[in-house]
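J.: sequence first, predicted coordinates after that:
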Amino acid sequence: MSTDGANIAGFRLAGRTWADDLGTWSSAVSADGRPGTALRFDPRLITDRATRDRLVAAVVADRRLAQSGLTGLVPIADLITAQDEVWLLTAEPVSPNVADLLADEPGIPRPDAGSAATILVEIAQTLLAIHAAGLAHGALHPGTVAIASDGSALLAERGLADALLGRPPAPERDVTAWASLARGLAASWSAADPRSAALLERAAATASTLGLTPARDTLLLGRDQLPPGFVTRDRLVEILRRRAERDMPTQVGQSARTPVMPDEGDIVTLLKDPRAGEPPTEDVIMRFGPGVPVDTTAAQIWRAGRDQQQTELTAAGLRSRGAPPRQRRARTILASVILALMIVAGLAIWLFRGPSMPLEVTAVDVTAPKAVQKCNTPVMITGMLSTNGSAGEIRYQWKQSDKKVPIAQTDRLVAGETSHEVSLLWRVKGKGSFKGTATLQVISPLPDGKKLQDKATFTAKCS
């Protein structure tokens, strides 16, 4: 059944719908004819005013990032409420995404190692800017990396999962997810090119130990190990073109359960109009202080190899004018003073702190999708490692019930990180039904005489 023709706040739902952990997505067309997407949040996720307020704050922060010049996010047009339902409207489609492209489809070529490297570099750049603003993505995985029509990578759902779950921003979780994605793309899109696969694996290991900036530069400096001309994104654009041609006659009918549309008169935006008294939305501090993603020599080489891409924010009100120079100077001076005080406080804490405790892993929790999964599409298994907050190295391994050899990994944690998320991408192939069990086992550090592991099971059906 299709949602074709239904309208929500000026967006016409046209095409397919699909469900994920946040709710039901629908492809849509804005009032000016541009493609976008509409998300109807699962009502069970927003049960109180505090949760809704956190969601509004996350969306406002997202729009401020976009207005400050960050082009690596799927732009948000509006967040609305109607008849106790909450909808998110995006000014660009969130699909196709990396998860879609990971699925093998007859007649459509697969992305190659160059496509993987391009996507990973662009994601890293966007995440570095997000982290420099004191924020995080919170749910990075193949399904939240959209591929725009020009082949560029746009992050979707930034901050939404953290807002709904009441979690504080955790940039280290993003870094771990980026490393996991790099390993997954090395094993899939780069499988036919051992040199490129090794480069992606090396970047993943660098991210786990040194962070995103060195990991990004590992890819940039290793461009001679990638297919020539990969920075043009030509292969990704061709794949998107073929997918669009294939989907054109069959889009209607691929949809999931049609959401009930509210009456237009009941719709209220949750995003205040800045002209009505909201503070200007361009004052996110992103351009100074430690952690700001300053272009390295490698990044400048990368940028010189391709044309500048600029995302056009399509909804009225997403455009912003820069603050007057005097205001910018005042904010910069104030922020510099605050930054200096933070550095002094940090040095004092470092100098006078007592001896640190060794890292301990105290618990392991593994979750798998509850819904029946499709074949030839990666299944995301998530593990959460609880620790005592000390810095150190964790060695762990994933065991898949259909394989004998475990997947060993090592991550380095920073002080203060009491939970660490890890993930496993599991691809199911074949025919019939399949029941898979993923086991996450901690190798070290372990409490004396204890064994730490957990497992989760999912079901897949292959046609």
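T.: Great, that's in hand.
J.: for the residue nearest to Val86 when sequence neighbours are not counted, what are its contacts?
T.: Closest residue to Val86 apart from its sequence neighbours, by Cβ to Cβ, 6 or more residues apart in numbering: Phe41 at 4.6 Å. For every residue, glycine as well, the C-beta is placed using N, CA and C. Counting by Cβ atoms under 8 Å, 6 or more residues apart in numbering, Phe41 touches 22-23, 55, 85-88, 164.
J.: point out where the stretch 1-150 of the chain drops to low pLDDT.
T.: 1-5 (pLDDT under 70).
J.: hey, what's the residue nearest to Val86 bridged with?
T.: Gly23 (DSSP bridges).
J.: nearest residue to the middle of the protein?
T.: Among the residues of the chain, the one closest to the centroid is Leu140, at 2.9 Å (Cα atoms, centre = their mean).
J.: helix or strand for the spatially closest residue to that residue that is not a sequence neighbour, which one?
T.: In this structure, Leu140 finds its nearest non-sequential neighbour in Ala177, 3.8 Å apart by Cβ to Cβ, 6+ apart. Using DSSP states H and E, the element containing Ala177 is helix 171-187.
J.: re the thing from before, so what's the residue nearest to the centre of the chain up against?
T.: Contacts of Leu140 (Cβ under 8 Å, 6+ apart): 123, 127, 155, 173-174, 177-178, 181.
J.: all helices of the stretch 51-200 of the chain, in order?
T.: 98-102, 113-132, 160-165, 171-187, 194-210 (DSSP state H, counting those that start in this stretch).
J.: Lys399: which of those helices is closest?
T.: Judged by Cβ to Cβ, the one of the helices of the stretch 51-200 of the chain that comes nearest to Lys399 is helix 171-187, at 16.0 Å.
J.: from the contacts of Phe41, pick the one nearest Ile394.
T.: Leu164 (27.0 Å).
J.: and the pLDDT at the closest one?
T.: The model reports Leu164 with a pLDDT of 95.
J.: what are the phi and psi values for the nearest residue to it once chain neighbours are set aside?
T.: Spatial nearest neighbour of Leu164, excluding adjacent residues (Cβ to Cβ, 6+ apart): Leu45 at 4.8 Å. Taking degrees, to the nearest 10, you get phi -90, psi -20 for the backbone angles of Leu45.
J.: mind listing what Leu45 touches?
T.: 22-23, 51, 164.
J.: sorry, back to before: Serialize the contacts of Leu140 to TSV and add fields for neighbour count.
T.: Shown next, in TSV, are those (neighbours: other Cβ atoms under 10 Å):
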residue	neighbour count
Ile123	26
Leu127	25
Leu155	23
Arg173	23
Asp174	28
Ala177	25
Trp178	23
Leu181	24
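J.: so which of those residues comes closest to Glu417?
T.: Arg173 (8.8 Å).
J.: which helices and strands sit right next to the helix holding Ala177?
T.: helix 98-102, helix 113-132, helix 194-210, helix 212-221, strand 407-413, strand 419-426 (3 or more Cβ pairs under 8 Å, 6 or more residues apart in numbering; DSSP states H and E).
J.: and the residue nearest to Trp178 when sequence neighbours are not counted, what does it touch?
T.: Among residues not flanking Trp178 along the chain, Ala207 sits closest, at 5.7 Å (Cβ to Cβ, 6+ apart). By Cβ under 8 Å, 6+ apart, the contact list for Ala207 reads 175, 178-179, 182, 214-215.
J.: with Pro358 instead?
T.: Counting by Cβ under 8 Å, 6+ apart, Pro358 has contacts 390, 392, 445.
J.: of these, which is the nearest to Asp234?
T.: Gly392 (43.8 Å).
J.: check that closest one and give its pLDDT.
T.: Model confidence at Gly392 (pLDDT) stands at 86.
J.: for Thr213, same thing?
T.: 94.
J.: state the number of residues packed around it.
T.: Residue neighbour count, defined by other Cβ atoms under 10 Å, stands at 19 for Thr213.
J.: so it sits against Gln125, correct?
T.: No - using Cβ atoms under 8 Å, Thr213 is not in contact with Gln125, being 9.7 Å away.
J.: does Thr17 belong to a helix, a strand or coil?
T.: Classification of Thr17 by DSSP: H, G, I helix; E, B strand; the rest coil places it in strand.
J.: wait, I meant Ala38
T.: Three-state assignment for Ala38 (three-state DSSP): strand.
J.: make residue 1 into 109 and carry on from there
T.: Sure thing, new numbering starts at 109, so read that last one as Ala146.
J.: ok, now how distant is it from Ser498?
T.: Ala146 sits 44 Å away from Ser498, going by Cβ to Cβ, to the nearest Å.
J.: neighbour count: the two, which is higher?
T.: Ala146 (27 against 17).
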